[in-house]
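Participant: Sequence first, predicted coordinates after that:
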Amino acid sequence: MTRRLFRAATAVLAAGALAFLAVAAGASGWDDGIDPTPPGSNWARIKDLVDFEGVRGNDLVGYGLVVGLNGTGDGLRNSPFTEEALQNLLERLGVNVSGEQFRPRNVAAVLVTATLPPFARAGSRIDVTVSTIGDARSLLGGTLVMTPLNAADGEIYAVAQGSVISGGVSAEGEASRVTQGVPTAGRVPGGARIEREVDFAFDTMRSVRLAVREPDFTTAARVEAAIRRVYGGGAARMLDSGTVEVQIAAMRGMSPAEALSRIENLPVAPSQKARVVVDHRSGTVVLGSDVRISRIAVSQGGLTLRVTETPLVSQPSPFTYRGQAETVVVPRTEAEIQQNEGVQLAVVEEAVTLADLVAGLNALGVSPRDLIDILKTIKTAGALHAEFVVQ
């Protein structure tokens, strides 16, 4: 009997605790009415929408030499910096070349670039990119000699060395030359070893800011709502359209790394601006799914002007007196103006979806380049409700 009473009392206390938590959650704003993944929307993980404060890479750069080229290196007469760097390298190796005349064609001066990933530890390896700065024709088959890589603070964080993998090839003869790809640049996979770590005490942070890559108030609010819905109202706070602050202390005793590992996989539906992007050079037109257009009438047509020159040569008669014979070029020009046939005036109904808008514009039978001009004119008329971006 006592056990039954104890179990009943425990159940009543548990129900009361759950009811209290529900009331507290409603009072604290855990459920703010914002659905992070509205029905019918395409959702993405938070890690694909934001950047975490402090979790970033650092750019590295260095100056080095690539040796072992098959006669495709720098011409030392045109690249004196290559000769100077080669002399310094040989002198450090105990070879005295002062005053010597040497013109090797198997050496190229290069710039070495890399990115030091976040939380990289000493001894780890990273990829490097090698690019020529002289008149070398190809890095195919070359080897990068030990090159220190410096960061913006001037300190050396990695050292690169290894065989260069070039992404192109070049061949030439006496009267012809063919090049495929870019033979003057290449990569060294795992070619740099990290020698210095970036001091960053991530585990001591009490709050972390999430930077939304495409700043938008709706997206930031949905990120905040997704975090609050799982970890409570004090776990996240939207600061502006591009920043959401996460309080690590409210994450149930988790460490910053553990908390972010949970947060970054929460689903959120990003909100995008209605945008039309056109590229005049390639004739590319990209329309966002939220583009809307009012009911309008569009006239599409044009004139084709054709001018043809067919000059005639008038020769003198065979019995013309000497000195009076003269060859005359008689110009003959044909000009033609042609009106393009097709739909001259069409009504594009008010579009509720992107498919409706595209179908209405395709009804005019226009080409992509004509479509760019039509969209630009519709935007000027105020009937295109979207941001118009021209590249």
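Facilitator: All right, it came through fine.
Participant: What is whichever strand or helix holds Thr113 packed up against?
Facilitator: According to DSSP states H and E, Thr113 maps onto strand 107-116. Packing partners of strand 107-116 (3 or more C-beta pairs under 8 Å, 6 or more residues apart in numbering; DSSP states H and E): strand 58-67, helix 80-92, strand 125-132, strand 143-150, strand 156-163, strand 185-194. (C-beta placed from N, C-alpha, C; glycine too.)
Participant: May I see those organised as CSV, with mean pLDDT and mean neighbour count added?
Facilitator: Formatted as CSV, the helices and strands packed on strand 107-116 follow (pLDDT from 0 to 100; neighbours: other C-beta atoms under 10 Å):
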stretch, mean pLDDT, mean neighbour count
strand 58-67, 94, 19
helix 80-92, 81, 15
strand 125-132, 94, 20
strand 143-150, 94, 19
strand 156-163, 95, 19
strand 185-194, 94, 19
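Participant: among those, which is nearest Val276?
Facilitator: strand 58-67 (34.2 Å; C-beta to C-beta).
Participant: Partner strands of the closest one and their direction?
Facilitator: strand 107-116 (antiparallel), strand 143-150 (antiparallel) (DSSP bridges).
Participant: Would you mind giving these as a markdown table with distance to Thr218 added?
Facilitator: Formatted as a markdown table, the strands paired with strand 58-67 follow (distance: least, C-beta to C-beta, whole Å):
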| stretch | distance to Thr218 |
| --- | --- |
| strand 107-116 | 32 |
| strand 143-150 | 42 |
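Participant: domain assignment for the protein?
Facilitator: Per automatic domain parsing, the structural domains of the chain span 33-54+201-268, 58-194, 275-312+328-390.
Participant: now the angle between strand 185-194 and the strand holding Thr113, please.
Facilitator: Taking axes from the mean of the first three to the mean of the last three C-alpha atoms, to 10 degrees, one finds strand 107-116 and strand 185-194 inclined to each other by 60 degrees.
Participant: now strand 107-116, how far from the chain's geometric center?
Facilitator: 22 Å (C-alpha atoms, centre = their mean, to the nearest Å).
Participant: CA-only coordinates of it, as CSV, when you get a sec.
Facilitator: Provided in CSV are the C-alpha atoms of strand 107-116 (Å, rounded to 0.1, in the frame of the first residue of the first chain):
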residue,chain,number,x,y,z
VAL,A,107,64.6,26.9,-61.9
ALA,A,108,61.5,29.1,-61.4
ALA,A,109,60.6,31.6,-58.7
VAL,A,110,57.1,31.0,-57.3
LEU,A,111,54.7,32.4,-54.7
VAL,A,112,53.4,29.7,-52.4
THR,A,113,49.9,30.2,-50.8
ALA,A,114,47.9,28.2,-48.3
THR,A,115,45.2,28.4,-45.7
LEU,A,116,45.9,27.4,-42.1
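Participant: Residue ranges in the stretch 201-350 of the chain under the pLDDT threshold?
Facilitator: 299-309, 313-325, 333-350 (pLDDT under 70).
Participant: could you pull out the helices for it?
Facilitator: Counting by DSSP state H, counting those that start in this stretch, the stretch 201-350 of the chain has helices at residues 217-231, 256-263.
Participant: Of those helices, give the one that comes closest to Val328.
Facilitator: Nearest to Val328, of all the helices of the stretch 201-350 of the chain, is helix 217-231, at 75.5 Å by C-beta to C-beta.
Participant: Please work out the angle formed by the directions of that closest one and helix 256-263.
Facilitator: Using the same axes, to 10 degrees: helix 217-231 against helix 256-263 is 110 degrees.
Participant: Just name whatever secondary elements helix 217-231 is in contact with.
Facilitator: strand 207-212, strand 236-240, strand 243-247, strand 267-268.
Participant: what's in contact with the longest one?
Facilitator: For strand 207-212, the surrounding residues in contact (C-beta atoms under 8 Å, 6 or more residues apart in numbering) are 46, 49-54, 219-220, 223, 239, 241-249, 256, 259-260.
Participant: same check, this time on the shortest one
Facilitator: Taking contacts as C-beta under 8 Å, 6+ apart, the residues outside strand 267-268 that touch it are Pro36, Thr37, Trp43, Ala44, Arg45, Ile46, Leu49, Thr219, Arg222, Val223, Ala226.
Participant: Which residue is the nearest non-sequential neighbour of the fourth one?
Facilitator: Put plainly, it is Ala44. Excluding the flanking residues, the one nearest Ala44 by C-beta to C-beta, 6 or more residues apart in numbering is Pro270, at 6.0 Å.
Participant: give me the number of residues near that neighbour?
Facilitator: Neighbours of Pro270 under the rule other C-beta atoms under 10 Å: 19.
Participant: With Leu260 instead?
Facilitator: Leu260: 22 surrounding residues under other C-beta under 10 Å.
Participant: residue contacts, the nearest residue to it once chain neighbours are set aside?
Facilitator: Once flanking residues are discounted, Leu260 sits nearest to Phe52: 6.1 Å by C-beta to C-beta, 6+ apart. Contacts here follow C-beta under 8 Å, 6+ apart; on that basis Phe52 touches Val208, Arg209, Leu210, Ala211, Leu260, Glu264.
Participant: what does Ile156 give?
Facilitator: Going by C-beta under 8 Å, 6+ apart, Ile156 touches Pro148, Leu149, Asn150, Glu195, Arg196.
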